[in-house]
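*Asks:* Sharing a model prediction with you, sequence too.
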Amino acid sequence: NAGVMQNPRHLVRRRGQEARLRCSPMKGHSHVYWYRQLPEEGLKFMVYLQKENIIDESGMPKERFSAEFPKEGPSILRIQQVVRGDSAAYFCASSPGTAPVNTGELFFGEGSRLTVL
Amino acid sequence: SQQGEEDPQALSIQEGENATMNCSYKTSINNLQWYRQNSGRGLVHLILIRSNEREKHSGRLRVTLDTSKKSSSLLITASRAADTASYFCATDLPYSGGSNYKLTFGKGTLLTVNP
């Protein structure tokens, strides 16, 4: 049973380019979460999605960032016109239910490390 | 805003010794979790303790929770070199009928276990 799959693992972009990060949740999981980790920092919540729905994007910057989780295919985190401050590790996590009340556990992928030159 | 803060920021011990890491937070929580992150890797869930629990064990891990002090500790006994990693505590808000998915992570404790 494959875990949460993220790609690419490493991405280098120049300022002004677009970055697309993909996440396939664990089998059987329909809830996806994106977190960002800046160097020497803890993870910060960005967005929570279910299939075809954005449930909570309160942690996502209002401009340049967008996320989707289509009916078919992986969840995508898109960053337009990247700036140096976007350099970070972006982690996707998934869970089987709305509120993981029973286990509380989020299952994390290995992360996508974005470097903006 | 509520936040978990780990202490110490870094800890270096010898193999076989015990390692204790602490976490403090600011507001009421539903539960508190500990995660491990090896360098350059994703987070791995270690243990979850609910707000009505005081202590929990899992293998060589022991977690305590003191809601009156808003603090938790993670004890790793008989440490191994493979335990070298960053350890994060994560908290979520009391369940309010909505989803309690929005974990708040601290900056972590970097544990180094020397062989």
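*Replies:* Sure thing, it's come through.

*Asks:* what's across from the residue in chain B that chain A sits nearest to in the sheet?
*Replies:* For chain B and chain A, the shortest gap (C-beta to the nearest C-beta) falls at B:Phe105, measuring 3.5 Å. No exception for glycine: its C-beta is placed from N, CA and C like everyone else's. Assessed by DSSP bridges, B:Phe105 has beta-bridge partners B:Ala90.

*Asks:* got a list of what it touches?
*Replies:* Residues near B:Phe105 by C-beta atoms under 8 Å, 6 or more residues apart in numbering or on different chains: A:35, A:42-44, B:4, B:35, B:88-90.

*Asks:* In strands only, show me these.
*Replies:* Judged by DSSP state E, the contacts of B:Phe105 include A:35, A:43-44, B:35, B:88-90 as members of strands.

*Asks:* Without its sequence neighbours, what residue ends up closest to the closest residue to chain B within chain A?
*Replies:* Residue nearest to chain B within chain A (C-beta to the nearest C-beta): A:Gly42, separated by 3.5 Å. In this structure, A:Gly42 finds its nearest non-sequential neighbour in B:Phe105, 3.5 Å apart by C-beta to C-beta, 6 or more residues apart in numbering or on different chains.

*Asks:* list the buried ones in the helix or strand of chain B with the lowest mean pLDDT?
*Replies:* Least confident helix or strand, chain B: strand B:5-7 with a mean of 83, by mean pLDDT, DSSP states H and E. In terms of neighbour count (16 or more other C-beta atoms under 10 Å in any protein chain shown), strand B:5-7 has its buried residues at B:5-6.

*Asks:* Chain A against chain B: which residues are in contact?
*Replies:* A:4, A:31, A:33, A:35, A:40-45, A:48, A:55-56, A:58-59, A:91, A:93, A:95, A:98-101, A:103-111, A:113 (C-beta under 8 Å from any C-beta of the partner chain).

*Asks:* Now restrict those residues to buried residues only.
*Replies:* Those of the residues of chain A next to chain B that meet the buried threshold are A:4, A:31, A:33, A:35, A:42-45, A:48, A:55-56, A:59, A:91, A:93, A:95, A:99-100, A:104-111, A:113, by 16+ other C-beta under 10 Å.
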